[in-house]
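Engineer: need coordinates for the following:
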Amino acid sequence: MKEYLKLMRVHHYMKNGLIFTPLIFSGSLFNPYLLINSLLGFLAFSLIASAIYIINDIQDVELDRLHPTKCKRPLAANEISLVNAKALAGVLIILAIGINYFIAGNSFIAWTSLLLYLGLNLAYSNGLKNLPIIDVAILVSGFVFRVLYGAGITGIEISSWLYLTVIAMSFYLGLGKRRNELINQKNVSRKVLKYYNQGFLDKNMYMSLALTIAFYSLWTVDPVTIARLSNDYLVWTVPLVILICMKYSLNIEGDSDGDPVEVIIKDKILMGMVALFVFITLGIIYIW
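Structural biologist: A predicted model of the protein is given here:
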């Protein structure tokens, strides 16, 4: 059972927390109907994401066996057969679509976000991951689709500034992942790395990081945001966001492999800073 949970990348489900972004920042977190929808949406997206991870592992199984750490993945280590992995991926996709049908109804945004996420990632696994820029764009789209999906299943409109913040942040994370893969792995297990160089990735990473902070700052002082929250206190979270970005960047500049989830869960200080940001933000939105 442990091998199957590892194959499904359950620890990566934290990325799907983005689904709650529209619900939280709209001040509707304690709306029972919307909260249940979001929780079920989190489950549906988690299942579809697990199916994608499994399909990608099936495609990359031979390359993973040459990688110093990926060789320990269940398929590369022959802990799970390819037949069982394919069957599990199919079941997960069916379950995800079934849950989505129950909560999304005829929501165009929800269905489009989920199915485009599935389709683009299948295309990614079948060749697009070898095309420079496009590979990163697909990684970014995954984060954006999560936010859009959260909006679709709750019927909550997303602020344009918040939408831009997620896009810029996603580019930073995606480029950072490629940067450290390039440094640590060269092109042994990822063909697209031969098209990148560290200078290009560094410049565009930190451009995206600067835009992330700028867009988030503009969102906190947007009159629409202030009117919705009935206060202007969110601007005081900007310094904490900058510190979180600096700490994350410090980790990226170290010996990390660049995977956002691994970077965060392996650094207790960074996890504490993120938790503090969440705590303060929830207080500003729901208490003050």
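
Engineer: could you check the pLDDT of Asn197?
Structural biologist: For Asn197, the pLDDT comes out at 91.

Engineer: what's the closest non-adjacent residue to it?
Structural biologist: Counting by CB to CB, 6 or more residues apart in numbering, Leu182 is the residue found nearest to Asn197 once chain neighbours are left out, at 7.5 Å. Bear in mind the C-beta positions are built from the backbone N, C-alpha and C, glycine included.

Engineer: in terms of helices and strands, where is the one you found?
Structural biologist: According to DSSP states H and E, Leu182 maps onto helix 160-185.

Engineer: keeping just the C-alphas, turn the next helix or strand after that helix into PDB.
Structural biologist: Using DSSP H and E, the helix or strand that follows helix 160-185 in sequence is helix 198-220. Taking C-alpha atoms only, helix 198-220 is exported to PDB below (Å, rounded to 0.1, in the frame of the first residue of the first chain):
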ATOM      1  CA  GLN A 198      21.800  28.800 -16.000                       C
ATOM      2  CA  GLY A 199      22.100  32.400 -17.000                       C
ATOM      3  CA  PHE A 200      18.700  32.300 -18.900                       C
ATOM      4  CA  LEU A 201      17.000  30.500 -16.100                       C
ATOM      5  CA  ASP A 202      18.400  32.800 -13.400                       C
ATOM      6  CA  LYS A 203      17.300  36.000 -15.200                       C
ATOM      7  CA  ASN A 204      13.800  34.800 -15.900                       C
ATOM      8  CA  MET A 205      13.400  33.300 -12.500                       C
ATOM      9  CA  TYR A 206      14.100  36.500 -10.700                       C
ATOM     10  CA  MET A 207      12.100  38.600 -13.100                       C
ATOM     11  CA  SER A 208       9.100  36.300 -12.300                       C
ATOM     12  CA  LEU A 209       9.800  36.600  -8.600                       C
ATOM     13  CA  ALA A 210       9.900  40.400  -8.800                       C
ATOM     14  CA  LEU A 211       6.600  40.400 -10.700                       C
ATOM     15  CA  THR A 212       5.100  38.000  -8.100                       C
ATOM     16  CA  ILE A 213       5.800  40.500  -5.300                       C
ATOM     17  CA  ALA A 214       4.700  43.400  -7.400                       C
ATOM     18  CA  PHE A 215       1.400  41.800  -8.400                       C
ATOM     19  CA  TYR A 216       0.700  40.600  -4.800                       C
ATOM     20  CA  SER A 217       1.400  44.100  -3.500                       C
ATOM     21  CA  LEU A 218      -1.000  45.700  -6.000                       C
ATOM     22  CA  TRP A 219      -3.700  43.100  -5.100                       C
ATOM     23  CA  THR A 220      -3.400  44.100  -1.400                       C
END
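
Engineer: for the lengthiest helix in the chain, list every residue counted as buried.
Structural biologist: With residue count as the measure and DSSP state H as the assignment, the chain has helix 32-64 as its longest helix. Using 16 or more other CB atoms under 10 Å as the test for burial, helix 32-64 gives 34, 37-38, 40-57, 59-61, 64.

Engineer: average pLDDT for it?
Structural biologist: On average, helix 32-64 scores 91.

Engineer: now for it, which elements pack on it?
Structural biologist: Helix 32-64 sits against helix 2-7, helix 21-25, helix 82-104, helix 108-125, helix 134-154, with contacts defined as 3 or more CB pairs under 8 Å, 6 or more residues apart in numbering; DSSP states H and E.

Engineer: which one of those lies closest to Ser230?
Structural biologist: Closest of the helices and strands packed on helix 32-64 to Ser230 is helix 21-25, at 13.7 Å (criterion: CB to CB).

Engineer: hey, C-alpha coordinates of that closest one in CSV?
Structural biologist: Extracted in CSV, the C-alpha atoms of helix 21-25 (Å, rounded to 0.1, in the frame of the first residue of the first chain):
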residue,chain,number,x,y,z
THR,A,21,-7.7,30.4,-3.0
PRO,A,22,-10.9,31.9,-4.3
LEU,A,23,-12.9,30.6,-1.3
ILE,A,24,-10.4,31.9,1.3
PHE,A,25,-9.8,35.4,-0.2
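
Engineer: and that helix, average pLDDT?
Structural biologist: Rounded mean pLDDT across helix 21-25 is 93.

Engineer: who's in contact with stretch 207-217?
Structural biologist: Contacts to stretch 207-217, defined as CB atoms under 8 Å, 6 or more residues apart in numbering, come from residues 161-162, 164-165, 168-169, 171-172, 175, 235, 238, 241-242, 245, 249.

Engineer: figure out how far it is from the centre of its chain.
Structural biologist: 17 Å (CA atoms, centre = their mean, to the nearest Å).

Engineer: pull out the buried positions in it.
Structural biologist: 208-209, 211-213, 215-217.
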